[in-house]
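> can't give you the sequence, but here's the structure:
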Ligand SMILES: C[S@@+](CC[C@H](N)C(=O)[O-])C[C@H]1O[C@@H](n2cnc3c(N)ncnc32)[C@H](O)[C@@H]1O
C-alpha cells in the first residue's frame, strides 16, 4: 500500500474520535482561533478561501462563520463526512471535497487565501505540496500554514507520550497505539514527521517564490493550549506551534 493510502486509512479510522475531547471548551477555542485568523487575514469579507487537509472542518467552518466563501479538501472521506455533519449542525455552507493536497483539482490563481493546519508533517512531498498551494493562490493572495513539532523523538517526550496513551485509553476509550501502528511503517517517508521548524517553512516558501514571508510564534496559542487541552494532550505534546505566512 502506498504512503498516501495508508495516511488516508489512518485518518478514516481516526475520524470517529478526532473531535472528541479536543478542548475543554469548544466555544473558547473557536473564539481564540477566530482572533488568530482575523489578525492574519484582516477584516475583509467574502474572501475565497481554501483549507487544505481540512479534517473535520475546524478552520473551514470558522472562516465560513467569519463570512467567507470556503472550500475544504481532504484525502480522508470519513473525515469529510464529519466535516459535512459539523457544517450541517452549525448551519454553515462550506464546499467540502475529496482530494490530494499535493495535487489539487483547482485552476491556477483560484483563491485569495490557502490555509492549512497540522497537515505538512504528514505529507510525503512537502515541497510539491507548497508549490501546489502557491499555484492556486491568486497573485497578491496569501498562503498560511500552521504546524509545529509533534513527535519529538527525545526519550523524555517518548515517555510522556506513553503515559498520555494510558490516560487516553482510560478516559477516551480509544486505542492510543492505533496512531503508531499506522505511521510506524510510513514515517520514514514523511520528511517532517518528527517536527517542522519555522526555518523549514521559510525555506519552502522562499523556494516557491512567495514574498513578504513572516512567522508568528503563536505564544498566546501555546498558553491557551496548555490551559485548555485535556491532560493527556498536555503530557504527550509540548508542541512548538507557529504560523507562517507568505504572499504570492
Ligand atoms: C492532523 S489532521 C488536521 C485536520 C485539520 N486541518 C485540523 O486542523 O483539525 C490532518 C488531516 O490531513 C489530512 N491529509 C493527510 N494527507 C493528506 C493529503 N495528501 N491530502 C489531503 N489531506 C490530507 C488527513 O486526512 C487529516 O484530515
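That came through, no problem. Model, not experiment: these values are computed from the prediction. Numbers count the residues shown, from 1 in each chain.
> quick one: contacts for residue 141?
Shown in contact with residue 141 (CB atoms under 8 Å, 6 or more residues apart in numbering): 109, 111, 112, 113, 114, 247, 248. Just so you know, the C-beta spots here come from the backbone N, C-alpha and C atoms, and that holds for glycine as well.
> same for the host helix or strand of the fourth one, what does it pack against?
Secondary-structure assignment from DSSP states H and E places residue 113 in strand 111-117. With contacts defined as 3 or more CB pairs under 8 Å, 6 or more residues apart in numbering; DSSP states H and E, the secondary structure elements packing on strand 111-117 are strand 48-52, helix 58-65, helix 126-136, strand 137-147.
> chain neighbours aside, what residue packs nearest to residue 69?
Distance criterion CB to CB, 6 or more residues apart in numbering; nearest residue to residue 69, sequence neighbours excluded, is residue 48 at 5.1 Å.
> what about that neighbour, distance to residue 157?
According to CB to CB, to the nearest Å, residue 48 stands 39 Å off from residue 157.
> same question, residue 183
Residue 183 is 16 Å from residue 157, by CB to CB.
> got it, and residue 198?
Taking CB to CB, one finds residue 198 at 20 Å from residue 157.
> so residue 60 sits against residue 68, correct?
No. Residue 60 is beyond contact range of residue 68, at 9.4 Å (criterion: CB atoms under 8 Å).
> joint contacts of those two?
residue 49.
> and the residue of the chain found nearest the ligand, which of the three is it?
Closest contact between the chain and the ligand, by CB to the nearest ligand atom, is at residue 55 (2.5 Å). Under the three-state scheme (DSSP: H, G, I helix; E, B strand; the rest coil), residue 55 adopts coil.
> what's the answer for residue 78, then?
helix.
> correct me, but it touches residue 17?
No. Taking contacts as CB under 8 Å, residue 78 lies outside contact range of residue 17: 11.2 Å.
> who has more neighbours, these two?
residue 78 (18 against 15; other CB atoms under 10 Å).
> what residues are up against the more buried one?
The neighbours of residue 78, taking CB under 8 Å, 6+ apart as the test, are 11, 12, 13, 15, 16.
> going by neighbour count, which of those comes out on top?
In the contacts of residue 78, the most neighbours by other CB under 10 Å go to residue 11, 22 neighbours.
> what about it, helix or strand, and which?
helix 3-14.
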